[in-house]
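Novice: Based on what follows, work out the 3D shape:
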Amino acid sequence: MMSGAKKKPTWNDLKRTIGGLDRDALLGLVHDLYAANKENKAFLYARFGLGDNPIRRPSPAGSVPM
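Specialist: Residues are numbered from 1 along each chain as shown. Okay, here's the model as predicted:
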């Protein structure tokens, strides 16, 4: 007999939900993450090249870095 436990959400579940958000809802989500803690702020600054420590995205396979 099943214990009634729910399936743990996956990245695909989250991606599907986020994909249905409009621009304002997506900006609200990013704002909530930004306000949640300093690590999120640091990540967002780095991810968008707004700080001293940008995140370097890996180059596609087979490409030569510049």
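Novice: who touches the residue most central in space within the chain in this structure?
Specialist: A centroid search over the chain (Cα atoms, centre = their mean) returns Val30, at 8.4 Å, as the residue closest to the centre. By Cβ atoms under 8 Å, 6 or more residues apart in numbering, Val30 lies in contact with Leu44. All C-beta atoms are positioned from the backbone trio N, CA, C, and that covers glycine.
Novice: Likewise for Gly28?
Specialist: No contacts exist for Gly28 under Cβ under 8 Å, 6+ apart.
Novice: ok, now Leu33?
Specialist: 40, 44.
Novice: Show me what counts as buried in the helix or strand of the chain with the lowest mean pLDDT.
Specialist: Least confident helix or strand, the chain: helix 38-47 with a mean of 92, by mean pLDDT, DSSP states H and E. Within helix 38-47, the residues scored as buried using 16 or more other Cβ atoms under 10 Å are Tyr45.
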